[in-house]
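# Below are the sequence and a predicted model for it; my questions follow.
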Amino acid sequence: MIYFAQDTLTLSIKIGHTWGEGTALEAIERRISAFQTGCPSKIIPLAYMEGCKTKEHALHERFREYRLEREWFKNTPELIRFIKENAVSLENIEKKRVTRTPGENKKRRETLGVSQADLASHIGVSTSLVSFWERGARNPRPLYRKQWEKVLGRLEKAAELPEAPEGMISLEGIQKLRTIGQPLAEKLVRKFGLKANEDGYYVREELDEAFRRWKSR
């Protein structure tokens, strides 16, 4: 994938290539974060288009008269017009994205009745790190911030399921509460010999113990 990013201070434009999992914006943001540390000004994603390294080199050649250095080019009307006519715009996406504050995420967790330790286990970090995040003492890395939001979202969806009998949980509840897919949930049930009652519910304590044993392998 070819991406276009802009230096907010010089307004110069980078024509680069990247690939990876997730959305186009996520892949571009990962690439930008790799070189943002060495740049004194903020770099923002502008747009992207399909293409390989060969196409990237072709674009570098096409706009070579505007090249500043390496993959950076002058912000010219010709380059801007090309981006608008040929690429998918990402401009202002960051402004439109809903970003919750640490305090808001703490309130979401407490509303769900989930402890910091349980949340940390879902995310794969220490309890103390979650505490730092919620107090605003530390900012989570982009990957962990995404996982933080994803886990809380899954837990909120689980809370919307029809209420199971006290001390019980459904297979769907297992998937959403533990943020795992159906195949893994079914494998967990089979591996540890968990038995559902006639209404399809499992004993919650047995499930929690099975999940702890599976995670500690």
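Nice, thanks for sending it over.
# where does the protein dip in pLDDT?
Low-confidence segments of the chain, defined by pLDDT under 70: 20-24, 91-100, 158-164, 171-184, 217.
# so the residue nearest the centre of it is in which element?
Residue closest to the average C-alpha location in the chain (CA atoms, centre = their mean): Lys146, at 3.4 Å. Assignment of secondary structure by DSSP states H and E places Lys146 within helix 142-159.
# would you put the C-alpha positions of that helix in PDB?
Presented in PDB, the C-alpha positions along helix 142-159 are these (Å, rounded to 0.1, in the frame of the first residue of the first chain):
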ATOM      1  CA  PRO A 142      -1.000   2.500  20.600                       C
ATOM      2  CA  LEU A 143      -1.300  -1.400  20.500                       C
ATOM      3  CA  TYR A 144      -2.300  -1.500  24.200                       C
ATOM      4  CA  ARG A 145      -4.600   1.500  23.800                       C
ATOM      5  CA  LYS A 146      -6.400  -0.300  21.000                       C
ATOM      6  CA  GLN A 147      -6.600  -3.500  23.100                       C
ATOM      7  CA  TRP A 148      -7.900  -1.600  26.100                       C
ATOM      8  CA  GLU A 149     -10.800  -0.200  24.100                       C
ATOM      9  CA  LYS A 150     -11.400  -3.500  22.400                       C
ATOM     10  CA  VAL A 151     -11.600  -5.500  25.700                       C
ATOM     11  CA  LEU A 152     -13.900  -2.900  27.400                       C
ATOM     12  CA  GLY A 153     -16.100  -2.900  24.300                       C
ATOM     13  CA  ARG A 154     -16.300  -6.700  24.400                       C
ATOM     14  CA  LEU A 155     -17.200  -6.700  28.000                       C
ATOM     15  CA  GLU A 156     -19.900  -4.100  27.500                       C
ATOM     16  CA  LYS A 157     -21.400  -6.300  24.700                       C
ATOM     17  CA  ALA A 158     -21.300  -9.300  27.100                       C
ATOM     18  CA  ALA A 159     -23.200  -7.300  29.700                       C
END
